[in-house]
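> Quick one: sequence and predicted model below, then my questions.
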Amino acid sequence: MIDLYHLPPEGLRLSGTTAHLELEGDVSLRELAWSVFALASDGDVFLEVKGQAVWQGFCSRCLAPLDRPLMVESQFLGSKDADLVGRGSHALGSQDLDVVFLPEDNLDEAELVREQFELQAPMHPLCTDDCKGLCPSCGKNWNKGPCQCQPDAVQAPSALNQALAKALAGIKLDPQS
Ligand SMILES: [Zn+2]
Ligand SMILES: [Zn+2]
């Protein structure tokens, strides 16, 4: 925990490593190394988070497992002052910093680091730039070759609906059977 309003005059620097950290949505980080610097600034707190890790998730098109190096470097001003937070940013020296509302006196550095990595995590990662994805009809990974579906049948909604209707008709809805 960082005691935000009793920081040493020269600032507080914390660092650490985490072998494995779970993020939202079945995604995780490994080999995480981070540092946090907190410095009192006119009643507010200047915060800097730096770190690197390996992001482990999935290709957003074909769902193949994926690793990506992930770097985080962010600086912002933490404040209890709702007016300052409302203005969104604050000039500090030559920097224009985002202002983040920190109503509590204490800040959990592990949670702070996790949030910053969460913000930097790739939104739509691809295994390769030209990943072909999965067939929407049969689910085959098109990176591994074409499927048996007719291209027309995959694209035309009416044909898809027909296929769907056919598939649904095959499902027995009677709970007795
Ligand atoms: Zn892919
Ligand atoms: Zn297919």
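That came in fine, so what should we check first? Ligands and ions are numbered 1, 2, ... in the order given.
> so Met123 is in which element?
Under the criterion DSSP states H and E, no helix or strand holds Met123.
> correction: Ala167
Short version, using DSSP H and E: Ala167 is in helix 157-169.
> For Ala38, which non-adjacent residue is spatially closest?
Once flanking residues are discounted, Ala38 sits nearest to Leu12: 4.8 Å by CB to CB, 6 or more residues apart in numbering. C-beta coordinates here come from the backbone N, C-alpha and C atoms, glycine included.
> Just give me the neighbour total for that neighbour.
Leu12: 17 surrounding residues under other CB atoms under 10 Å.
> What of Gly139?
Neighbour number of Gly139 under other CB under 10 Å is 10.
> Around ligand 1, which positions in this structure sit nearby?
Cys59, Arg61, Cys62, Ala64, Cys127, Cys131 (CB under 5 Å from the ion).
> Which residues of this structure lie near ligand 2?
Cys135, Ser137, Cys138, Cys147, Cys149.
> what separates Gly25 from Arg87, distance-wise?
32 Å (CB to CB, to the nearest Å).
> Let me see the contact set for the spatially closest residue to Trp34 that is not a sequence neighbour.
Once flanking residues are discounted, Trp34 sits nearest to Gly51: 3.4 Å by CB to CB, 6+ apart. Gly51 sits next to Leu32, Ala33, Trp34, Ser35, Met71, Val72, Val113, Gln116, Phe117 when contact means CB atoms under 8 Å, 6 or more residues apart in numbering.
> Thank you kindly, that will do.
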